[in-house]
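Participant: A predicted structure for the sequence below; I have some questions about it.
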Amino acid sequence: MVTSMLYSKLVTLFSGGISFSEDEVPFGDNFVVKNFSFHSPARQKVGPADSQTPASATGSEVDEEIQENNNFRYHVMMPARMEKARNVVIMLHGLNERYWTKYLPWAASVVEATGHAVVLFPLAFHMNRAPARWADPQRMAHLSRERKRTLPTLTSSSFVNAAISARLCEQPERFIQSGLESYYDLIKLVETIKTDLHPAIDKAATIDFFTYSIGTLLGDLLMMANRLEYFSASRHVSFCGGPVVSGLHPESKFILDSEAVGKLRECLLSKERLEVLLSDNTEFEKAFRCMLDYGTGSREREAHLRDMGSRRYVIALADDHVVMVNEIRNTFGEKEKNGIHVEIMQYTYKYRHEDPFPVLTKMYSNIDRQFQRTFDRICNFLKR
């Protein structure tokens, strides 16, 4: 056993979330969370487009002017008495996420078992980088009803996914543009570390990735592009993520509605749109292209996967209906192809992709065991 604190205890410890307003927040005897400010440089202007849904439903401002996305705070969780981390794990979350609560026990398990610091970094227009109104239940329930009224065949619409679904229907290009912004933000973070400007992380620190769902795509792209060889020695373990984009099945009341999924697929299959969106032809954009579809850039994708080899570990869940096992195998192959270890796990209770470790007190002993199994594997891989 690598981790000692039970999942149920960690859920209780972090049940109130973590404030961004304080610079340092201690948790028990073992953990401290430090908050740091970040400015995302403006790159590409994205304005409201024609849509069946009024732009005012999610805000009519240009994306570039959404201040929550441009200036934000991020968490670094560390062992309580650590001054500067020499090993860092960057944790990347899933699509349409608004709160870190689910991930805090995950991060704490990694910190406790490895002694590494965990950076919980929000993707563009997610978590605290999104306006509060996008998560307002009353306003978003109204938006969902309007979408159902104007789109009679719509399925999987809810107040939870109304904002992101409306925005992607307005401009599905936002998926790629926000991915690009998130990539350059993370490069800026890494360069802050490597130039010795980060107050909590040593400039010589190792940098690894622990990713979930769509965050796995960004983690793989960072490893593949390997800007200035920053990630030549990095390890990447993913949980419930990893297929090429066309192999994802994100229709869910918690992620995207059916119309948004259709618009997104249409955009990603359009060579004309991709030529404009990925026109700079950087190493990152080349990697993005080869991870969009099985039939695109397969030779390049295989070369990247071989290069990652044993530094890459994929954990999938047998009953995941968003990131399906067959799509994982289609992308990575069976078990040890290219040196990448692929493991399919199954739990002894019902779960969803969006909630693999549900907070169900009557089942906590069972969920504790499955969490322990999973994070023993994750932490053993990340240990240095």
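Facilitator: Structure's in. What do you need?
Participant: show me the contacts for Ile255.
Facilitator: Neighbouring residues of Ile255 by CB atoms under 8 Å, 6 or more residues apart in numbering: Gly94, Leu95, Asn96, Asn161, Ile164, Val322, Glu354. (Glycine included, C-beta is placed from N, CA and C.)
Participant: next: Asn96.
Facilitator: Counted by CB under 8 Å, 6+ apart, Asn96 has contacts His126, Val160, Asn161, Ile164, Phe254, Ile255, Leu256.
Participant: just to be sure, the fourth one is in a helix?
Facilitator: Yes: for Ile164, which was evaluated using DSSP: H, G, I helix; E, B strand; the rest coil, the result is membership in a helix.
Participant: go ahead and confirm it touches Glu97.
Facilitator: No: if you go by CB atoms under 8 Å, Ile164 and Glu97 don't touch, sitting 9.9 Å apart.
Participant: can you put the contacts of Asn96 in a markdown table and add secondary structure and pLDDT?
Facilitator: Output for the contacts of Asn96, formatted as a markdown table (DSSP: H, G, I helix; E, B strand; the rest coil; pLDDT from 0 to 100):
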| residue | secondary structure | pLDDT |
| --- | --- | --- |
| His126 | coil | 97 |
| Val160 | coil | 97 |
| Asn161 | coil | 97 |
| Ile164 | helix | 97 |
| Phe254 | coil | 97 |
| Ile255 | coil | 98 |
| Leu256 | strand | 98 |
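Participant: what's the closest of these to Met363?
Facilitator: Proximity of the contacts of Asn96 to Met363 was ranked by CB to CB; the top entry is Phe254 with 20.2 Å.
Participant: low-confidence ranges, the stretch 251-384 of the chain, go.
Facilitator: Scanning the stretch 251-384 of the chain for pLDDT under 70 picks out the ranges 335.
Participant: what ranges do the helices span in this protein?
Facilitator: 7-13, 67-70, 104-114, 137-150, 162-170, 174-194, 214-225, 258-268, 271-277, 283-290, 298-308, 325-332, 364-382 (DSSP state H).
Participant: rebuild the ones you listed as a markdown table, extending it with mean neighbour count and distance to Phe27.
Facilitator: As requested, those are exported to a markdown table (neighbours: other CB atoms under 10 Å; distance: least, CB to CB, whole Å):
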| stretch | mean neighbour count | distance to Phe27 |
| --- | --- | --- |
| helix 7-13 | 18 | 6 |
| helix 67-70 | 16 | 25 |
| helix 104-114 | 24 | 8 |
| helix 137-150 | 16 | 29 |
| helix 162-170 | 26 | 30 |
| helix 174-194 | 20 | 23 |
| helix 214-225 | 24 | 23 |
| helix 258-268 | 19 | 36 |
| helix 271-277 | 13 | 41 |
| helix 283-290 | 19 | 35 |
| helix 298-308 | 16 | 33 |
| helix 325-332 | 18 | 34 |
| helix 364-382 | 18 | 17 |
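Participant: got those helices as JSON lines, with distance to Asn338 columns?
Facilitator: Listed next are the helices of the chain as JSON lines, based on distance: least, CB to CB, whole Å:
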{"stretch": "helix 7-13", "distance to Asn338": "32"}
{"stretch": "helix 67-70", "distance to Asn338": "36"}
{"stretch": "helix 104-114", "distance to Asn338": "25"}
{"stretch": "helix 137-150", "distance to Asn338": "42"}
{"stretch": "helix 162-170", "distance to Asn338": "32"}
{"stretch": "helix 174-194", "distance to Asn338": "23"}
{"stretch": "helix 214-225", "distance to Asn338": "13"}
{"stretch": "helix 258-268", "distance to Asn338": "24"}
{"stretch": "helix 271-277", "distance to Asn338": "26"}
{"stretch": "helix 283-290", "distance to Asn338": "14"}
{"stretch": "helix 298-308", "distance to Asn338": "4"}
{"stretch": "helix 325-332", "distance to Asn338": "7"}
{"stretch": "helix 364-382", "distance to Asn338": "16"}
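Participant: wait, isn't His304 in contact with Phe288?
Facilitator: No: in this structure, His304 is not within contact of Phe288 by CB under 8 Å, at 11.5 Å.
Participant: list residues touching both of these two?
Facilitator: Between them, His304 and Phe288 share no contacting residue, judged by CB under 8 Å, 6+ apart.
Participant: pull the longest strand from this protein.
Facilitator: Counting residues, the longest strand found in the chain (DSSP state E) is strand 201-212.
Participant: now that strand, how far from the chain's geometric center?
Facilitator: With CA atoms, centre = their mean, to the nearest Å as the basis, strand 201-212 stands 15 Å off its chain's centre.
Participant: partner strands of that strand, parallel or antiparallel?
Facilitator: strand 85-92 (parallel), strand 236-239 (parallel) (DSSP bridges).
Participant: thanks a lot, catch you later.
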